[in-house]
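Chemist: turn this into a model:
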Amino acid sequence: MVLKATNIIKYFHEPEDFQVLKGLNFTVDKGTFLSIVGKSGCGKSTLLYILSSMDTDYEGQLEINGQLLTGKSQNELARFRNQNLGFVFQFHYLLPEFSALKNVMLPAMKLGRFSKEEIENTAMEKLRLVGMEDYALKMSSKLSGGQQQRVAIARALVNNPAIIMADEPTGNLDKANSIKVFDIFMELTSKGQTIIAVTHDNEFAEKSHRIIEMSDGKIVRS
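Modeler: Numbers count the residues shown, from 1 in each chain. Below you'll find the predicted structure:
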């Protein structure tokens with residue numbers, strides 16, 4: 001088990017009190033490709049932000065990789081995220097003035113565990129995993145949308161995270177590139193990587209290992 005969520009409750013307080021998440025309980029095993037689905041407003045993105053430790057204003061408990069994250073300081077959580085979590089968003093958020101390789105290296109440079117040469121070797125290995133090694137020295141602004149998203153996945157992998165959190169990872173992609181991203185995720189989970197993805201893409205979700213479907217702040221299928 002790599003993640004355990006216990007009785008997660010979340011309120012929004014503006015413009016008035018509104019309960020978004022209503023006592024969610026679930027666990028996620030290592031190597032699982034989990035899709036979280038549901039209509040807009042059901043609470044799935046809110047849940048992902050809590051699971052990623054970026055939203056700490058909730059009731060309940062969150063454990064990842066055997067560590068209780070609930071109650072930790074923002075600095076402790078930032079360190080934990082950099083070491084244990086990788087992020088893939090709907091938009092790639094690559095730095096346009098940097099090459100694909102440098103973009104992938106950045107989270108590892110920030111973590112500061114390894115030499116620049118070691119980080120460069122790891123970054124190239126991750127680019128190889130997503131089929132982008134031939135574009136390593138190309139400026140990220142010169143890549144296609146699908147290529148940019150694959151570089152973003154390599155960047156999420158560079159610190160060997162326990163979990164990749166993905167928020168609508170195929171939302172900006174055409175069908176062919178969406179299939180490529182899905183296939184990369186499946187290949188990663190075959191090597192033991194855990195992936196938790198929020199998606200509106202039913203075809204994407206149905207092919208993943210497990211689905212959590214949400215409605216009105218509750219889990220209605222898991």
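Chemist: and the residue nearest the centre of this protein?
Modeler: Central residue of the chain (CA atoms, centre = their mean): residue 165, 1.5 Å from the mean position.
Chemist: list the contacts for that one?
Modeler: By CB atoms under 8 Å, 6 or more residues apart in numbering, the contact set of residue 165 is 48, 51-52, 85-88, 196-197. For every residue, glycine as well, the C-beta is placed using N, CA and C.
Chemist: if you set the cut-off to 10 Å instead, what comes out?
Modeler: 48-49, 51-54, 81, 85-89, 156, 194-198 (CB atoms under 10 Å, 6 or more residues apart in numbering).
Chemist: now it: closest residue in space that isn't a chain neighbour?
Modeler: Nearest non-adjacent residue to residue 165, counting by CB to CB, 6 or more residues apart in numbering: residue 52, 4.6 Å away.
Chemist: for this protein, just list every one of the helices.
Modeler: Taking DSSP state H, the helices of the chain run over residues 44-51, 74-84, 100-111, 116-129, 145-157, 175-190, 202-207.
Chemist: closest to residue 37 out of these?
Modeler: When the helices of the chain are compared by CB to CB, helix 202-207 sits nearest residue 37, at 4.9 Å.
Chemist: quick one: distance of the closest one to the chain centre.
Modeler: Remark: helix 202-207 is offset 17 Å from the chain centroid, using CA atoms, centre = their mean, to the nearest Å.
Chemist: what about it, average pLDDT?
Modeler: Averaged over helix 202-207, pLDDT sits at 89.
Chemist: by contact count, what packs against that helix?
Modeler: strand 33-37, helix 175-190, strand 194-198, strand 210-215 (3 or more CB pairs under 10 Å, 6 or more residues apart in numbering; DSSP states H and E).
Chemist: need the contact partners of it.
Modeler: Counting by CB under 10 Å, 6+ apart, residues outside helix 202-207 touching it are 33-37, 168-170, 175, 178-179, 181-183, 185-186, 197-199, 201, 211-213.
Chemist: run the last query once more with 6 Å
Modeler: Residues outside helix 202-207 that contact it (CB atoms under 6 Å, 6 or more residues apart in numbering): 35, 37, 170, 182, 199, 211.
Chemist: closest to residue 142 among the residues you listed?
Modeler: residue 170 (21.8 Å).
Chemist: so the closest one sits against residue 181, correct?
Modeler: Yes - with contact defined as CB atoms under 6 Å, residue 170 reaches residue 181; the gap is 5.4 Å.
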